[in-house]
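[1] Build me a model:
(one chain, ligands or ions: 1)
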Amino acid sequence: MRVLVVEDEVKLASLIRKALKEDGLLADVAIRGEDALWMATSSPYDVVVLDVNLPGIDGFETCRRLRAQGVRTPILMLTARDAVEDRITGLDTGADDYMLKPFDFGELFARIRALSRRGPVERGTVIEVGDLTLDTGSHVVSRGNVDIPLSVKELQLLEVFMRHPGRVLSRYDLLEHAWDGGYENRSNVVDVYVRYLREKIDRPFGVESIETVRGAGYRLRPVASAIKSNGRA
Ligand code: CA
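    Numbers count the residues shown, from 1 in each chain. This is a model prediction of the structure:
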């Protein structure tokens, strides 16, 4: 297993490298985010340990650029600050785990091993229900080969349906998963958006994938439209 340690505190970096080595892991050290970028794109690593505070581009930006360049290696971020904000920013930029400095080496290794077992991170999974697909990374929805533009809210609602195909979801379930708080019992908002969705994902294709289950809610069924994969009906 090979680990890239990105840390500008040379003493700490070499301590980590030495300890990893004793644990049977290979480790390279990058002092700057810029170095980490070319190292991680030119050779395969199992895990990247990335300090947030770096000279030049910081750990967040390094993480963002690594992901943008298609590096899917699991990334463990290190930060000196116990700020929830940092944690959220880190995860938003594509990090997979997070540790506070100072850390316990045993815990660091445990997390590195856990991340390496997880393997390259799937960015944007494609969910399929019948011939309907939703790419959670690019937010592209299509039926057959036809892309369907949706609003953010329609997309969120559809994702809830697509993650539970064939299951009856109550208006409350849908509200809870696709809307932030504040909607309480305004379940008619669900009905309105289900109607919007049907107009876009069903009607133009002559299918009825979102079923109304009387007294219970709605259910998404896997159906295939007459649209073939070459995009023609
Ligand atoms: Ca640092």
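
[2] residues in this protein within reach of the ion, list them.
    Taking Cβ under 5 Å from the ion as the contact definition, the chain meets the ion at 8, 51, 53. No exception for glycine: its C-beta is placed from N, CA and C like everyone else's.

[3] May I ask which of those has the most neighbours?
    Taking other Cβ atoms under 10 Å as the neighbour criterion, D51 ranks highest of the residues of the chain next to the ion with 24 neighbours.

[4] Surely that one is in contact with E7?
    Yes. Between D51 and E7 there is a contact at 4.5 Å, judged by Cβ atoms under 8 Å.

[5] Which parts of this structure are helices?
    Secondary structure of the chain (DSSP state H): helices at 10-22, 33-42, 59-68, 84-92, 105-118, 152-163, 171-178, 188-197.

[6] picking that back up, looking at the residues of the chain next to the ion, which are in strands?
    In strands, judged by DSSP state E, the following of the residues of the chain next to the ion are found: D51.

[7] JSON lines for the residues of the chain next to the ion, including pLDDT?
    What follows is the residues of the chain next to the ion, written out as JSON lines (pLDDT from 0 to 100):
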{"residue": "D8", "pLDDT": "95"}
{"residue": "D51", "pLDDT": "95"}
{"residue": "N53", "pLDDT": "91"}
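
[8] next one: the lowest-mean-pLDDT helix or strand in the chain to chain centre, how far?
    When the helices and strands of the chain are compared on mean pLDDT, DSSP states H and E, helix 84-92 comes out lowest with a mean of 71. What separates the centre of helix 84-92 from the centre of its chain is 14 Å, taken as Cα atoms, centre = their mean, to the nearest Å.

[9] just so I know, which of the helices of the chain lies nearest P74?
    P74 sits nearest to helix 105-118 of all the helices of the chain, at 3.8 Å, using Cβ to Cβ.

[10] what helices or strands is that closest one leaning on?
    helix 10-22, strand 47-51, strand 75-79, strand 97-100 (3 or more Cβ pairs under 8 Å, 6 or more residues apart in numbering; DSSP states H and E).

[11] Could you look over these and pick the most buried one?
    Across those, averaging neighbours per residue (mean count of other Cβ atoms under 10 Å) puts strand 47-51 on top, at a mean of 26.
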